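*Asks:* please find the sequence and the predicted model below.
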Amino acid sequence: MISPRLDMILQNVKGSSVADIGTDHAFIPIALAKRGVRVIATDANSGPLLSAKRNIEKRGLNITLLQGFGLDVLTAGDTEEIILAGMGGDLIKTIITNGMEKALASRLILQPMNSQAELRQFLIENGFEIASEDLAKEERKVYNLIVAKAGKTELPDNEIDLHLPPILYNHPLFPMLIEKKEREFKKQFIGLSNSKNANSTELKRLENLLSCINKLKEREL
Ligand SMILES: C[S@@+](CC[C@H](N)C(=O)[O-])C[C@H]1O[C@@H](n2cnc3c(N)ncnc32)[C@H](O)[C@@H]1O
């Protein structure tokens with residue numbers, strides 16, 4: 001069964017050749033190969049690779065399986081698109097940094113499990129533009145997807161746009177994302193307010209983010 005998170009990734013693949021980095025069980029490559037997409041599936045670790053190999057062989061699909069760190073196993077321009085999904089934002093940043101030339105040569109489909117704002121900032125500061133974004137819901141969790149490609153954009157003036165990007169305002173799941181970010185910032189604000197050496201700049205920053213969230217919520221009503 002393809003989960004809503006995996007389905008969102010599949011819906012955002014537009015190319016005819018794709019590399020899925022950190023494939024684990026190879027569910028994404030299997031679904032894409034069935035659609036006629038040429039796929040390279042990679043993973044850094046032997047356990048996931050073995051499971052990927054078994055799943056691919058069971059279905060008799062033609063998918064290239066490679067072991068290695070991040071984009072090291074690819075050649076620039078190997079595939080039109082690169083998927084980095086189900087990983088932390090920091091690991092995605094590290095993988096892109098270590099394979100910058102290859103990353104800039106492809107459309108990137110990124111599905112970070114955390115640190116989304118930091119990843120957006122990193123992309124903008126490193127020669128990428130965010131082409132589109134998407135959201136998926138699984139039970140009470142909301143998952144982000146960011147599509148990036150080489151291009152020039154400016155960092156937004158207001159930090160809130162890195163957490164809750166305007167490109168997502170009309171997404172049906174945007175209210176759920178607002179609630180998630182509000183919970184996160186409130187938790188940080190309360191934690192910091194209760195600490196002995198509360199940093200006033202950081203408190204002000206969180207206050208500002210929460211006030212921007214209130215304005216966005218009013219807009220949603
Ligand atoms: C949580 S799984 C995500 C699987 C799949 N991409 C998904 O979205 O469901 C993360 C996978 O990334 C692999 N991985 C971690 N670091 C990696 C790296 N630097 N390069 C390639 N694969 C990596 C892990 O071995 C693991 O199989």
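*Replies:* Thanks, I have it.

*Asks:* what does this structure put close to the ligand?
*Replies:* 21-24, 42-45, 48, 69-70, 85-87, 91, 95 (C-beta under 6 Å from any ligand atom). In this view, the C-beta of every residue, glycine as well, is placed from N, C-alpha and C.

*Asks:* change it to 5 Å
*Replies:* Within the chain, the positions lying close to the ligand (C-beta under 5 Å from any ligand atom) are 22, 24, 43, 44, 45, 48, 69, 70, 85, 86.

*Asks:* of the residues you listed, just the buried ones, PyMOL syntax please.
*Replies:* In PyMOL, this line selects whichever of the residues of the chain next to the ligand come out buried by 16 or more other C-beta atoms under 10 Å:
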select buried, resi 22+24+43+44+48+69+70+85+86
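
*Asks:* helix, strand or coil for the residue lying farthest from the centre of the chain?
*Replies:* Relative to the mean C-alpha coordinate of the chain, counting by C-alpha atoms, centre = their mean, the farthest residue is residue 196 (35.3 Å). The local conformation at residue 196, judged by DSSP: H, G, I helix; E, B strand; the rest coil, is coil.

*Asks:* tell me the pLDDT of it.
*Replies:* Note on residue 196: pLDDT of 83.

*Asks:* what are the structural domain limits within the protein?
*Replies:* Using automatic domain parsing, the domain parsing of the chain gives 4-154, 156-221.

*Asks:* contacting residues around residue 162?
*Replies:* Applying C-beta atoms under 8 Å, 6 or more residues apart in numbering to residue 162 gives the contacts 117, 120, 121, 155, 156.

*Asks:* where does the protein dip in pLDDT?
*Replies:* Of all residues in the chain, those with pLDDT under 70 make up the ranges 221.

*Asks:* check which helix or strand covers the spatially most central residue of the chain.
*Replies:* Closest residue to the average C-alpha location of the chain: residue 111 at 2.4 Å, with C-alpha atoms, centre = their mean. Assigned by DSSP states H and E, residue 111 belongs to strand 107-112.

*Asks:* pairing partners for that strand, with directions?
*Replies:* According to DSSP bridges, strand 107-112 forms sheet pairs with strand 81-87 (parallel), strand 141-150 (antiparallel).

*Asks:* can you say which of the ones you listed is packed in most?
*Replies:* Mean neighbour count (mean count of other C-beta atoms under 10 Å) peaks for strand 81-87 among the strands paired with strand 107-112, with a mean of 23.

*Asks:* name the surrounding residues that touch it.
*Replies:* Residues contacting strand 81-87 (C-beta under 8 Å, 6+ apart): 5, 9, 13-15, 17-22, 24, 28, 71, 74, 92, 95-96, 102-103, 106-113.

*Asks:* select only the buried ones of those residues in PyMOL?
*Replies:* Provided next is the PyMOL selection string for whichever of the contacts of strand 81-87 are buried by 16+ other C-beta under 10 Å:
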select buried, resi 5+9+13+18+19+20+21+22+24+28+71+74+92+95+96+102+103+106+107+108+109+110+111+112+113
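
*Asks:* which ones among the contacts of strand 81-87 map onto strands?
*Replies:* If you go by DSSP state E, the contacts of strand 81-87 have 17, 18, 19, 20, 21, 107, 108, 109, 110, 111, 112 in strands.

*Asks:* what about residue 75, how many neighbours?
*Replies:* For residue 75, the number of neighbouring residues by other C-beta atoms under 10 Å comes to 9.

*Asks:* for the ligand, see how far away it is.
*Replies:* Residue 75 sits at a distance of 16 Å from the ligand (criterion: C-beta to the nearest ligand atom, to the nearest Å).
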